[in-house]
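# Here's my sequence, what's the structure:
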Amino acid sequence: MVLLLLGIACVNGDDAMVQSGEITIAYLRSMCDDSSLSITRDYTIRGRVVANDRLGELPCAIVIDDGTAGVQLEIESSDVNSFVPLYSEVSVRLIGLNVGHVGAKCLLGAAPTGEFVVDRIAEDRIYNLVSVSLAPEAPPEPLHRRIAELSPREVGRYVAIDSLRFVEEERGLCWCSRDTLTGRAEISVRHLTDGRDTLPVVVAASCRYGDEQLPTELLRCYGVVDYQGGELALRIINRGIVTIRG
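The predicted structure is shown next:
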């Protein structure tokens, strides 16, 4: 088998020689900085879908975690889960796509036409780019972390965090706030604490349980590490909240 050594631009501008074909998401993340980079080599990534819109928690996107890092693939669709189900294994062909960073978050999508680092990929194009295996039905094993252990390199990773409560100031609130004039749900930020550190929780306006009150019990929370408003946050996925005591 002939191996083609390819040079690509890294963050520091040096050339890195890599083998064509399948690459890790960690390598993909290293390919560019905050600007948008067009991928001109025939690379693929493979991993598990650890976040999507199954319960409205992450609209118009999926997050793929391959065990080395996570990346968010932007998709123009109102029902992503119907063709890229949560927890499925996917292989994504990258040639012709763009990759870019927004803070600590790595985004993959179509070439940008405006202010964003990538645009959403049209739904009908996804079938040519993404191969889906429906064999996995359960979530992958999460990284177990404490709030204090989270760092930018975990953004996009599937995690479990124990011994959390929503902060006292938010007791009685719903997951999502609503505009006082229109009544429409708004993207909201709530806060979990382990008694020492506090972690923002991003809640999409489309979250299907957004009108329910926040739980008051001690919790284990499952989701993906996100980046919101210039800081690390958690996006709970598949309503991944488990009461661990009263």
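# The spatially closest residue to residue 153 that is not a sequence neighbour: what's it in contact with?
Nearest residue to residue 153, sequence neighbours excluded (C-beta to C-beta, 6 or more residues apart in numbering): residue 69, at 7.2 Å. Placement of C-beta: from N, CA and C, glycine included. The contact partners of residue 69, by C-beta atoms under 8 Å, 6 or more residues apart in numbering, come to 24-26, 28-29, 106, 153, 156-157.
# In helices only, show me these.
25-26, 28-29 (DSSP state H).
# now the chain, which segments are flagged as low pLDDT?
1-20, 246 (pLDDT under 70).
# One more pass at 90, please.
1-20, 31-35, 134-139, 229, 244-246 (pLDDT under 90).
# Longest strand in it, please.
Determined from DSSP state E, the single longest strand within the chain is strand 231-245.
# That strand: which residues count as buried?
232-241 (16 or more other C-beta atoms under 10 Å).
# So which elements touch that strand?
If contacts are counted by 3 or more C-beta pairs under 8 Å, 6 or more residues apart in numbering; DSSP states H and E, strand 231-245 sits against strand 43-51, strand 158-166, strand 198-203, strand 218-228.
# any idea of the angle the first one forms with strand 218-228?
Yep, that's strand 43-51 we're talking about. Interaxial angle, strand 43-51 versus strand 218-228 (axes from the mean of the first three to the mean of the last three C-alpha atoms, to 10 degrees): 140 degrees.
# Just the CA atoms of the longest helix anywhere in the chain, as PDB, please.
In the chain, taking DSSP H as the definition, the longest helix is helix 123-129. Output in PDB follows, covering the C-alpha atoms of helix 123-129 (Å, rounded to 0.1, in the frame of the first residue of the first chain):
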ATOM      1  CA  GLU A 123     -29.500  18.100   4.600                       C
ATOM      2  CA  ASP A 124     -29.400  16.500   1.200                       C
ATOM      3  CA  ARG A 125     -25.600  16.700   1.100                       C
ATOM      4  CA  ILE A 126     -25.200  14.900   4.400                       C
ATOM      5  CA  TYR A 127     -26.000  11.600   2.700                       C
ATOM      6  CA  ASN A 128     -22.900  11.900   0.500                       C
ATOM      7  CA  LEU A 129     -20.600  12.900   3.400                       C
END
